[in-house]
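>>> My questions are about this predicted structure, shown below with the sequence.
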Amino acid sequence: MITKNHKKQNKNKNDHRAGTKNAETYLWILLNNKKLRGNKFIRHYQIGNYFVDFYCPDTGLAIIIDTDELYTDFHLESYVEREKYLESIGVNTLHIDSKTVMEEGKLLLARIITEQSASAICESLKIKINYLEALSLN
């Protein structure tokens, strides 16, 4: 289940933002106002107990900007837990290194479009499989 942002958890959200500020701001400029195939992205979105940098409700795609701090033991453990959780609820995640955002810029949009398409196809297949399973039970 995807939950909405909660005001009382803004401190955690602000802590997360600190390491990705420039890359995140730049990517937000590229994604904001439905600039990518008309899909709305939400910045700093909370899903369960975890935050993602960007989330597209239309396609179920979460974008996470990775930083060097990810590779400490504490962050790596949290990272694995978040990935398992997001996968379990059907959220497709795209990880982008903060340096890649700054270096590739608009070229990165093609990669995001590809991920959105893959996410939409997977969702469509899940719906069809559930429908077929329901038919077979009758």
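Good, I have the coordinates.

>>> so Val80 is in which element?
helix 73-88 (DSSP states H and E).

>>> List the buried residues of the next helix or strand after that helix.
Moving toward the C-terminus from helix 73-88, the next helix or strand (DSSP H and E) is strand 92-97. Neighbour counts over strand 92-97 (16 or more other CB atoms under 10 Å) mark 92-94, 96 as buried. From N, CA and C alone the C-beta is placed, and that goes for glycine too.

>>> send the alpha carbons of strand 92-97 over as CSV?
Below are the C-alpha coordinates for strand 92-97, written out as CSV (Å, rounded to 0.1, in the frame of the first residue of the first chain):
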residue,chain,number,x,y,z
ASN,A,92,9.4,-0.3,-10.1
THR,A,93,12.6,1.6,-9.0
LEU,A,94,15.1,3.4,-11.2
HIS,A,95,18.4,4.2,-9.5
ILE,A,96,20.5,7.0,-10.9
ASP,A,97,23.8,8.2,-9.6
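
>>> can you tell me which residues contact Ile64?
The neighbourhood of Ile64, defined by CB atoms under 8 Å, 6 or more residues apart in numbering, consists of 52-53, 93-96.
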